[in-house]
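Asker: Any chance you could fold what I've pasted below:
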Amino acid sequence: LVQSQGPSIMVVAGGLFRINKGIDSKYTDYYTSSNILFGLHYRYGDALIPSFHYELKKSLLIGISYDVNVSALTGATNLRGGFEIRVSYCHRKSKRVVKLAE
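Answerer: Here you go, the predicted structure:
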């Protein structure tokens, strides 16, 4: 992620690992699997961001992350950062179901 506003630029890089729990229907819109996601991001020159998320049936995602300050302000912050909580919902369109002739 690269963001800029005026003279300021923020660069965040990282990744998430996903563990799939369950099986989805291949031919309908019935989602039964859930996912556990965990990972680490780095905001250039500022913070490490470990995170953990749980995705329920590929629609509701609940996550928590923590910014660990690693910048020049470490002396003042003593590596303390802040918690971030994420909740998101994704409504999926139904898959088109094709009936086969018997």
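
Asker: Quick check: which helices or strands does the longest strand along the chain pack against?
Answerer: For the chain, the strand with the greatest residue count under DSSP state E is strand 8-21. Judged by 3 or more Cβ pairs under 8 Å, 6 or more residues apart in numbering; DSSP states H and E, strand 8-21 is in contact with strand 2-5, strand 34-43, strand 47-56. (Each C-beta comes from the backbone N, C-alpha and C, glycine too.)

Asker: quick one: strands adjacent to it?
Answerer: strand 2-5 (antiparallel), strand 34-43 (antiparallel) (DSSP bridges).

Asker: Highest mean neighbour count out of those strands?
Answerer: Counting by mean count of other Cβ atoms under 10 Å, strand 34-43 has the highest mean neighbour count of the strands paired with strand 8-21, with a mean of 15.

Asker: Now the longest strand of the chain: buried residues?
Answerer: Buried residues in strand 8-21, defined by neighbour count with 16 or more other Cβ atoms under 10 Å: none.

Asker: Please apply the same query to stretch 44-51.
Answerer: Neighbour-count burial for stretch 44-51 [16+ other Cβ under 10 Å]: 46-49, 51.

Asker: where does the chain dip in pLDDT?
Answerer: 28-29, 31, 93-99, 102 (pLDDT under 70).

Asker: which residues make contact with stretch 8-19 from outside it?
Answerer: 1-4, 35-44, 49, 51, 53 (Cβ atoms under 8 Å, 6 or more residues apart in numbering).

Asker: Mind exporting the C-alpha coordinates of it to PDB?
Answerer: Extracted in PDB, the C-alpha atoms of stretch 8-19 (Å, rounded to 0.1, in the frame of the first residue of the first chain):
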ATOM      1  CA  SER A   8       3.900  13.000   3.000                       C
ATOM      2  CA  ILE A   9       4.100   9.400   1.700                       C
ATOM      3  CA  MET A  10       3.200   6.200   3.700                       C
ATOM      4  CA  VAL A  11       4.300   2.800   2.500                       C
ATOM      5  CA  VAL A  12       3.000  -0.400   4.100                       C
ATOM      6  CA  ALA A  13       4.100  -3.900   3.000                       C
ATOM      7  CA  GLY A  14       3.300  -7.300   4.400                       C
ATOM      8  CA  GLY A  15       1.200 -10.400   4.000                       C
ATOM      9  CA  LEU A  16      -1.400 -12.700   5.500                       C
ATOM     10  CA  PHE A  17      -1.500 -16.500   5.700                       C
ATOM     11  CA  ARG A  18      -4.900 -18.200   5.400                       C
ATOM     12  CA  ILE A  19      -6.000 -21.500   6.900                       C
END
